[in-house]
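# Mind folding the following:
(one chain, ligands or ions: 1)
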Amino acid sequence: MRQAAGTLLLFGATGDLSQRMLLPSLCALAADDLLPEGLRIVGTARHGYSDAEFRNFAREAVEKFLPAQRRGRMADFLNRLSYQPLDATNPEGYRALAEKVGGGDVAIFLSMAPSLFEATISGLADCGLAGDGTRIGLEKPLGHDLASSRDINDAVAAAFPEDRIFRVDHYLGKETVQNLIALRFGNIMFEPLWNAQHIEHVQITVGETVGLESRAEFYDQTGALRDMVQNHMLQLLALVAMELPVTFDAGAVRDEKVKVLRALRPVAAGESVTGQYRGGASGGKIVPGYDEELKAESDTETFVAIKAHVDNWRWKGVPFYLRTGKRMPTRVTEIVIQFRPVPHSIFAGARLKANRLVIGIQPQEDVTLTLMAKVPGLGKGMALREIPLDIAMPDALTGHERRMAYERLLLDLIHGDQTLFVRRDEVEAQWSWIDRIRARWQEEGLTPKPYSAGSWGPSAAIALAERDGVSWHE
Ligand code: BG6
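Residues are numbered from 1 along each chain as shown. Here you go, the predicted structure:
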């Protein structure tokens with residue numbers, strides 16, 4: 001861990017992410033006295049705000065997006081803020097920015113269009129804001145394929161060494177995602193079973209009820225595979241499948257994750273399904289179809305299901321079923337570990353169900369292990385039933401604040417801890433797997449199948465799992 005930064009410099013400070021997540025997270029950290037004493041926060045963007053106007057902007061964002069009970073010490077938070085207008089493409093402006101920042105260690109967070117990255121990095125380097133005491137956080141999208149992500153990585157690497165680059169995947173900032181690491185490596189009972197001998201398959205679902213929201217242009221150029229699978233879902237998969245890291249630090253954890261990502265087998269014909277929603281009912285309301293929302297016809301997928309394989313000893317023959325989509329029936333992110341059945345049942349007539357571990361990431365933060373148990377009673381023989389062993393996190397850990405993912409990530413950036421950030425080799429392994437899927441879709445002329453908003457995607461996605469005798473967990 002490095003020395004804590006004295007200044008946090010936020011690019012894109014007036015943007016959507018800043019309003020919804022970054023400023024509220026910083027305010028929540030200030031409220032809990034978790035920001036380093038004296039940390040200053042300098043916002044920058046094109047907008048011609050004064051310091052006072054930016055503070056007002058920040059107050060409004062916080063009032064809108066942070067629950068009232070988490071807004072203590074608002075004045076302390078606002079006093080830390082200042083603002084410097086900047087056109088990131090104009091090299092002239094960076095000197096004034098550097099003056100505003102002043103000396104000391106600086107943590108920089110870029111939340112802006114990737115097309116501006118190169119100009120921004122060289123502006124930072126020229127004005128002396130890329131030296132030893134600086135580190136830089138990069139928000140997605142980091143490219144749209146392997147080649148473009150390499151370009152971005154090269155541009156950043158020209159000014160910052162890898163140990164000062166913090167690539168954000170906000171899923172890694174979620175408490176329950178970190179809890180997956182705790183569960184796997186803080187308990188003796190899972191590791192001996194965590195392999196192909198005892199696990200039949202894994203499911204990872206990220207369902208959203210929202211549609212296009214306000215990002216039609218971006219989303220239509222991106223699609224579900226690149227928006228959700230390339231980053232968040234592959235990070236979840238890597239955490240489920242990785243070997244035991246030697247220690248919980250950035251080098252060891254990321255070394256293990258990247259081995260999994262490199263072991264992903266190219267997806268074969270028939271192992272992926274894409275869909276696009278039509279009108280229907282989702283999240284309790286009637287919603288239009290994708291084309292109607294977009295006001296154009298499009299071949300962009302809003303749903304994808306994939307049968308993935310990790311080609312190594314531990315996971316030989318264990319499919320990882322992944323699915324994500326917009327306009328699903330409910331918002332849910334969960335990981336299902338389906339264990340194998342017992343090799344032989346001694347209970348004549350009883351139907352034994354194999355154990356299952358369900359790790360709920362959101363909105364429910366809970367871990368459920370289903371076990372077989374005896375049904376009470378004096379009947380002949382032994383009647384068994386599947387019962388859940390349920391740990392609801394907020395109940396088990398009451399008194400602990402539910403935090404936004406960005407609170408953890410901003411704090412780690414400020415303190416220089418890279419464990420929950422994505423290394424270059426991971427991003428590139430992710431992209432190379434994704435690029436091959438897209439190339440296959442193109443070769444096969446695969447276009448998304450329609451599904452009704454409020455359903456779990458096209459029927460082909462159900463068939464993808466059912467063919468193997470597997471049902472998606474619902
Ligand atoms: C973002 C995607 O990375 O993650 C969005 O661009 C998606 O399309 C979002 O809605 C989901 O994040 P969360 O934290 O709400 O699951």
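
# The closest residue to residue 80 other than its chain neighbours bridge partners, please.
Leaving aside its sequence neighbours, residue 80 sits nearest to residue 41 (Cβ to Cβ, 6 or more residues apart in numbering; 4.9 Å). All C-beta spots, glycine's among them, are computed from the backbone N, C-alpha and C. Under DSSP bridges, the beta-bridge partners of residue 41 are residue 8, residue 81.

# How about the contacts made by residue 41?
By Cβ atoms under 8 Å, 6 or more residues apart in numbering, residue 41 lies in contact with 7, 8, 10, 26, 80, 81, 82.

# Checking the closest residue to the ligand within the chain next. Helix, strand or coil?
In the chain, the residue that lies nearest the ligand is residue 227 (4.7 Å; Cβ to the nearest ligand atom). Look at residue 227: counting by DSSP: H, G, I helix; E, B strand; the rest coil, its state is helix.

# So for stretch 384-397, mean pLDDT?
Averaged across stretch 384-397, pLDDT comes to 81.

# try stretch 191-204
Here the average pLDDT along stretch 191-204 is 98.

# That one: end-to-end distance?
End-to-end span of stretch 191-204 (Cα to Cα, to the nearest Å): 19 Å.

# can you give me how far it is from the chain middle?
Using Cα atoms, centre = their mean, to the nearest Å, the mean C-alpha position of stretch 191-204 is found 22 Å from that of the whole chain.

# Ok, stretch 11-25 next?
17 Å.

# ok, now stretch 167-183?
Going by Cα atoms, centre = their mean, where stretch 167-183 is centred and where its chain is centred differ by 8 Å.

# What residues of that stretch count as buried?
The neighbour-count check on stretch 167-183 (16 or more other Cβ atoms under 10 Å) flags 167-181, 183 as buried.

# repeat for stretch 231-246
Those would be 231-242, 245, for stretch 231-246 by 16+ other Cβ under 10 Å.

# same deal with stretch 315-326?
For stretch 315-326, by 16+ other Cβ under 10 Å, it's 315, 318, 319, 320, 321, 322, 323, 324, 325, 326.

# my guess is the first one meets residue 240, correct?
No - under the criterion of Cβ atoms under 8 Å, residue 315 makes no contact with residue 240, lying 9.6 Å away.

# got the residues of the stretch 251-400 of the chain near the ligand?
residue 333 (Cβ under 6 Å from any ligand atom).

# do the stretch 1-150 of the chain as well
Counting by Cβ under 6 Å from any ligand atom, the stretch 1-150 of the chain has no residue next to the ligand.

# a strand runs through residue 324, doesn't it?
Yes - counting by three-state DSSP, residue 324 falls inside a strand.

# Assess the claim that it and residue 306 are in contact.
No - using Cβ under 8 Å, residue 324 is not in contact with residue 306, being 9.3 Å away.

# Which neighbours do these two have in common?
residue 229.

# By residue count, which helix of the protein is the longest?
In the chain, taking DSSP state H as the definition, the longest helix is helix 424-444.
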